[in-house]
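A.B. asks: model the structure of this input:
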Amino acid sequence: MTTWPTVMVTGHRPQHLKPAVHAWVRSELDRLAVKLRDEHGMAVGVSGMAIGADLWWADAVICAGVKLDAHVPFPQQPDKWQKEDRDEWMRLCRAAWTLKTYGGYFDVKTLHARNDGMIKAADVAIAVHLPWKASGGTASAVEKLTGLGKPIIHVNPAARVTTIRMPQPTAA
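C.D. replies: Numbering: from 1, shown residues only. From the prediction side, this is the model:
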């Protein structure tokens with residue numbers, strides 16, 4: 001049995017996913033949190049705390065009784081979100097075991113620093129990723145994870161299938 005004590009998530013925002021798959025992704029993240037806890041020794045779940053996959057994973061981790069490491073790019077992250085999303089962000093930040101902030105204000109650099117911090121902390125990553133989407137933070141994180149040779153649990157919302165990829169490090 002492979003042990004993965006720390007598991008991060010990277011994933012698309014809800015607007016990039018068809019509304020019909022939101023419930024499937026949430027239930028898949030719930031299932032994975034329990035499976036990773038019980039079968040792979042997950043003790044910490046890492047989330048970048050953005051709307052969509054990040055907050056869904058954070059909730060799944062808490063519900064599974066696992067410690068949540070919340071990696072927040074900047075304190076104002078939820079300011080432009082709808083009230084229900086801001087409230088959920090606050091609830092999950094309060095429930096987090098640790099809260100790490102990467103900058104004092106919005107800057108794309110803080111988003112990348114947050115992703116880099118999560119990647120460094122994680123033994124394995126869950127990627128809620130549409131395979132054809134080659135730009136954005138999720139695609140960038142998947143590329144970095146692949147380059148480091150970290151395992152990726154790919155949750156494909158389009159096909160509604162989950163697979164594990166054990167990438168090999170790329171040559172420098």
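A.B. asks: which parts of the longest helix seen in the chain are buried?
C.D. replies: Looking across the chain with DSSP state H, the single longest helix is helix 19-40. The neighbour-count check on helix 19-40 (16 or more other Cβ atoms under 10 Å) flags V21, V25, R26, E28, L29, D30, L32, A33, L36, R37, H40 as buried. (Glycine included, C-beta is placed from N, CA and C.)
A.B. asks: between those residues, which is nearest A158?
C.D. replies: V21 (7.6 Å; Cβ to Cβ).
A.B. asks: the residue lying closest to that closest one once chain neighbours are set aside: how many residues sit nearby?
C.D. replies: Spatial nearest neighbour of V21, excluding adjacent residues (Cβ to Cβ, 6 or more residues apart in numbering): P157 at 4.4 Å. Residues near P157, counting by other Cβ atoms under 10 Å, number 22.
A.B. asks: check the one 5 residues further on too.
C.D. replies: For T162, the neighbour count with other Cβ under 10 Å is 16.
A.B. asks: could you do L92 as well?
C.D. replies: Using other Cβ under 10 Å, L92 has 21 neighbouring residues.
A.B. asks: which ones are touching it?
C.D. replies: By Cβ atoms under 8 Å, 6 or more residues apart in numbering, L92 lies in contact with S47, M49, L55, A58, D59, I62, L68, A70.
A.B. asks: quick one: mean pLDDT for the helix or strand where it lies?
C.D. replies: Per DSSP states H and E, L92 falls inside helix 83-95. Mean pLDDT, computed over helix 83-95, is 98.
A.B. asks: show me what the helix or strand that comes right after it is in contact with.
C.D. replies: Per DSSP H and E, the first helix or strand lying C-terminal to helix 83-95 is strand 98-101. With contacts defined as Cβ under 8 Å, 6+ apart, strand 98-101 is touched by K67, D69, A70, H71, V72, P73, F74, P75, C93, G117.
A.B. asks: now, the most widely separated pair of these?
C.D. replies: K67 and F74, at 22.7 Å, using Cβ to Cβ across the contacts of strand 98-101.
A.B. asks: what about this protein, any weak spots by pLDDT?
C.D. replies: Scanning the chain for pLDDT under 70 picks out 167-172.
A.B. asks: run the last query once more with 80
C.D. replies: 1, 167-172 (pLDDT under 80).
A.B. asks: quick one: buried residues of stretch 84-102?
C.D. replies: Neighbour counts using 16+ other Cβ under 10 Å place D85, E88, W89, L92, C93, A96, Y102 of stretch 84-102 among the buried residues.
A.B. asks: re the thing from before, keeping just the C-alphas, turn the longest helix of the chain into CSV.
C.D. replies: Presented in CSV, the C-alpha positions along helix 19-40 are these (Å, rounded to 0.1, in the frame of the first residue of the first chain):
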residue,chain,number,x,y,z
PRO,A,19,-23.3,22.7,-13.8
ALA,A,20,-24.5,19.1,-14.2
VAL,A,21,-21.1,17.7,-13.1
HIS,A,22,-20.8,19.9,-9.9
ALA,A,23,-22.6,17.3,-7.7
TRP,A,24,-20.5,14.4,-9.2
VAL,A,25,-17.2,16.2,-8.6
ARG,A,26,-18.3,17.0,-5.0
SER,A,27,-19.3,13.4,-4.3
GLU,A,28,-16.0,12.1,-5.9
LEU,A,29,-14.0,14.4,-3.7
ASP,A,30,-15.9,13.1,-0.7
ARG,A,31,-15.2,9.5,-1.7
LEU,A,32,-11.5,10.2,-2.3
ALA,A,33,-11.1,11.9,1.1
VAL,A,34,-12.4,8.8,2.9
LYS,A,35,-10.5,6.4,0.6
LEU,A,36,-7.2,8.3,0.9
ARG,A,37,-7.6,8.5,4.7
ASP,A,38,-8.5,4.8,5.1
GLU,A,39,-6.3,3.2,2.5
HIS,A,40,-3.4,5.6,2.0
